[in-house]
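Engineer: Below is the structure, and that's it, no one-letter string:
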C-alpha cells in the first residue's frame, strides 16, 4: 500500500487492480452501498448500471431506457438514477423502474454527474449535447426531491464533481469544460448553499476536473480526466498531491469497501483509437486501490417521504 499522507507536490502511484471483465465506453458514478457491500456504477452512452460484489465477484447489469448520467443510494434500498432528463428509481433486487420527475432545460442535452446530499435530496447537474469545444454555459445544477426540481445554479458548461464534506457543511462542485472547482457552505438541514467561490482552475495539463469524492478529512479527490491523474485539493483549492492513474482518462473516484479504504476508479475510452487502447488496456475497466485515509458512507435519498 502506497503512503499518501502527507501529500507532497507529487505522490507515488497507487497499485490499482482490475475488478471485473466489464469494459465501459464512458464509466461514471461509482457508488458504494454499505448495506449490500457492493459497488454500483454506470456506462453513460449504453444506459447501463452495473453492480459488483467484491466478496463473491458477482456482477449484475441493469438496462435503463436512455443515457445514464449518475446514480445514488435511497433510504428504501433503491437507486436514484439520472436517465436523460428523467429522474428514476431503480430497485436492484427486482429491476423495477419507477418514474419520479423530468427536469426541464432549454437545450438538447441530459442530466450528468449527481450525488445525494446530507439533506436527503439528489443534487444533479446537466450538460448539453454540443461538441466539447462548442459548449456554452447553458447547463444548470439542480436539487431534486421526491416531488420537486429546483434550479440552484446556472451558467455551467458541463456540471460535474459534486461532493459533500464529511460534516455535511460543505458542497464542492466543478465544471469539466470551463475547468473550475467551486466551494460552497452548505446547510444539511435545509439544503441551502452559500458563499460560492472558485477555489482552483485545473487546466488541460493539470487535469480538467471530472467526477470527485471527499475523504474523511475533507480532502477533495478530483479525477483529472485530461491528464491521467487524481488531484487532491483541500477546501481552499490548495493542491495536496497528484496521483497518477493507469488510465489516461479517469472519470470518478469513490471510497468503499468494509472499511472505506478502497478507492474505486472509473474511466472512459470514448476518444481512444485501437492503438491508444493497446497502450492503455485498463481504460473503461473498473479499478481499485487501497489507500491510507478512508472515505465515509454516502447519504441516502429520501424516497420514503415526500
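Structural biologist: Ah, there it is. A quick note: this is a predicted structure, and the numbers were derived from the prediction, not measured. Residues are numbered from 1 along each chain as shown.
Engineer: how about the closest residue to residue 185 other than its chain neighbours, phi and psi?
Structural biologist: If the residues on either side of it in the chain are set aside, residue 185 comes closest to residue 194, at 4.3 Å by CB to CB, 6 or more residues apart in numbering. In short, each C-beta sits where N, CA and C put it, glycine included. Dihedral angles of residue 194 (phi, psi; degrees, to the nearest 10) stand at phi -140, psi 160.
Engineer: thought residue 194 was touching residue 171?
Structural biologist: No - the criterion here is CB atoms under 8 Å, and residue 194 misses it with residue 171 at 9.6 Å.
Engineer: what touches both of these two?
Structural biologist: Shared contacts of residue 194 and residue 171 (CB atoms under 8 Å, 6 or more residues apart in numbering): 184, 185, 186.
Engineer: Just the buried residues out of these, in PyMOL syntax.
Structural biologist: Applying 16 or more other CB atoms under 10 Å to the shared contacts of residue 194 and residue 171, the buried members can be selected in PyMOL as follows:
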select buried, resi 184+186
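Engineer: Return the closest of the shared contacts of residue 194 and residue 171 with respect to residue 256.
Structural biologist: Comparing these against residue 256 with CB to CB picks out residue 186 as the nearest, at 22.6 Å.
Engineer: who does that closest one bridge with?
Structural biologist: In this entry, residue 186 is beta-bridged to residue 193, by DSSP bridges.
Engineer: So the residue located most distally from the centre of the chain, which state does it fall into?
Structural biologist: The centre of the chain is farthest from one residue, residue 275, which by CA atoms, centre = their mean lies 27.8 Å away. State at residue 275, reduced to three classes by DSSP: H, G, I helix; E, B strand; the rest coil: helix.
Engineer: how close does it get to residue 23?
Structural biologist: To residue 23, residue 275 is 17 Å away according to CB to CB, to the nearest Å.
Engineer: Next: residue 120.
Structural biologist: Distance of residue 120 to residue 23, given as CB to CB: 34 Å.
Engineer: just residue 96 next, same as before
Structural biologist: The gap separating residue 96 from residue 23 is 27 Å, by CB to CB.
Engineer: So for those two, which residue has more residues nearby?
Structural biologist: When neighbours are counted by other CB atoms under 10 Å, residue 23 comes out ahead of the other of residue 96 and residue 23, with 17 against 10.
Engineer: Chain neighbours aside, what residue packs nearest to that one?
Structural biologist: Counting by CB to CB, 6+ apart, residue 23 lies nearest to residue 284, which is 4.3 Å off, once chain neighbours are set aside.
Engineer: Okay, that neighbour and residue 184: tell me how far apart.
Structural biologist: Residue 284 is 32 Å from residue 184, by CB to CB.
Engineer: Which residue ranges of this protein form helices?
Structural biologist: Using DSSP state H, the helices of the chain run over 274-279.
Engineer: got any ranges where the stretch 1-150 of the chain has weak pLDDT?
Structural biologist: The model of the stretch 1-150 of the chain has pLDDT under 70 over residues 1-13.
Engineer: who's in contact with the closest residue to residue 33 other than its chain neighbours?
Structural biologist: Nearest residue to residue 33, sequence neighbours excluded (CB to CB, 6+ apart): residue 73, at 5.8 Å. Residue 73 sits next to 31, 33, 79, 80, 116, 298, 299, 300, 301 when contact means CB under 8 Å, 6+ apart.
Engineer: Of those residues, which belong to strands?
Structural biologist: Taking DSSP state E as the definition of strands, the contacts of residue 73 contribute 31, 33, 79, 80, 116.
Engineer: Redo those residues as CSV? Include neighbour count.
Structural biologist: Output for the ones in strands among the contacts of residue 73, formatted as CSV (neighbours: other CB atoms under 10 Å):
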residue, neighbour count
31, 24
33, 19
79, 25
80, 27
116, 25
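Engineer: In TSV: those residues, plus distance to residue 165.
Structural biologist: Formatted as TSV, the ones in strands among the contacts of residue 73 follow (distance: CB to CB, whole Å):
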residue	distance to residue 165
31	17
33	21
79	23
80	21
116	14
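Engineer: of the residues you listed, closest to residue 223?
Structural biologist: Lowest distance from residue 223 to these (CB to CB) belongs to residue 31, with 14.6 Å.
Engineer: Who are the contact partners of the closest one?
Structural biologist: 39, 40, 41, 71, 72, 73, 79, 254, 298.
Engineer: Next, format the residues you listed as TSV and append distance to residue 270.
Structural biologist: Listed next are the contacts of residue 31 as TSV, based on distance: CB to CB, whole Å:
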residue	distance to residue 270
39	22
40	21
41	16
71	19
72	23
73	27
79	24
254	20
298	26
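Engineer: Nothing else from me, thank you.
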